[in-house]
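In: for reference, the sequence and a predicted model appear below.
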Amino acid sequence: SSSSVRAKAILDHLAHHAGHIGPEDGQTFIILDQDLYIPKKWLWEARALFMRSVQKDRRGEVECLLRAGAYEEAHRTFSREVAPTTIIERDWETLRALLAGFRAQEASIAEWHLGGEIYADYLHIIEAQKKDISKTDVMALERLLAALPAMAEDGRHASFLEVVAVQEISEVVAQLAVEMGKQGNVRDPSF
């Protein structure tokens, strides 16, 4: 008779059987959503849990959390594990696709400036470098120059992947800052 107890029971059941939910266009997902009126948010959260704990698929977890509207949690996994891996592997397509999932939600994510914004700025710079170094976004470069030391000294116990990714980003940003400084485009290229 209690709606909160009912909701908890359904959430527990979904979490326990998340591997059977399947894709959004699958029969089980459609039945749960359209026939049983279970909120899609709950289905996506259960799938995210399945991706994390059973499949060990962090990218899939982030995608499911984004579909569930759990932007803070998605950002946490994205910035600690998925984005650093994409930087190390130079997987720009995956990074671009996941960043697109956060579009218009940046202001609602408390630590966006120490995660998603850094990776978005870096991607922007990498893509501009491929075309022409003179087209580099100076504002993005300056944000990176300011944010990278804060990210490295954040005190939130960065993972090994984060440390390696920050080092990779720092090397590229330092080189670019020196080059842009020689051209007079960056206010203070020194660190």
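Out: Arrived safely, thanks for sending. Residues are numbered from 1 along each chain as shown.
In: tell me which residue is most central in the chain.
Out: residue 78 (3.2 Å; C-alpha atoms, centre = their mean).
In: who touches the nearest residue to that one once chain neighbours are set aside in this structure?
Out: Using C-beta to C-beta, 6 or more residues apart in numbering and skipping residues adjacent in sequence, the residue nearest residue 78 is residue 62, 4.9 Å away. For every residue, glycine as well, the C-beta is placed using N, CA and C. By C-beta atoms under 8 Å, 6 or more residues apart in numbering, residue 62 lies in contact with 74, 77-78, 82, 98, 101.
In: low-confidence stretches in the protein?
Out: Low-confidence segments of the chain (pLDDT under 70): 132-136, 152, 154-156, 183-191.
In: for it, which helix is longest?
Out: In the chain, assigned by DSSP state H, the helix with the most residues is helix 160-183.
In: that helix: which residues count as buried?
Out: 161-162, 165-166, 169-170, 173-174, 176-177, 179-180 (16 or more other C-beta atoms under 10 Å).
In: how near is the residue of the chain positioned farthest from its centre to residue 38?
Out: Farthest-out residue of the chain from its mean C-alpha position, per C-alpha atoms, centre = their mean: residue 1, at 39.3 Å. Noted for residue 1: a distance of 19 Å to residue 38, by C-beta to C-beta, to the nearest Å.
In: repeat that for residue 62.
Out: Taken as C-beta to C-beta, the span from residue 62 to residue 38 is 22 Å.
In: cool, residue 97 as well?
Out: 27 Å.
In: neighbour count: these two, which is higher?
Out: Taking other C-beta atoms under 10 Å, residue 97 and residue 38 do not tie; residue 38 has more neighbours (19 against 13).
In: OK, contacts around residue 47?
Out: Contacts of residue 47 (C-beta under 8 Å, 6+ apart): 18, 21, 64.
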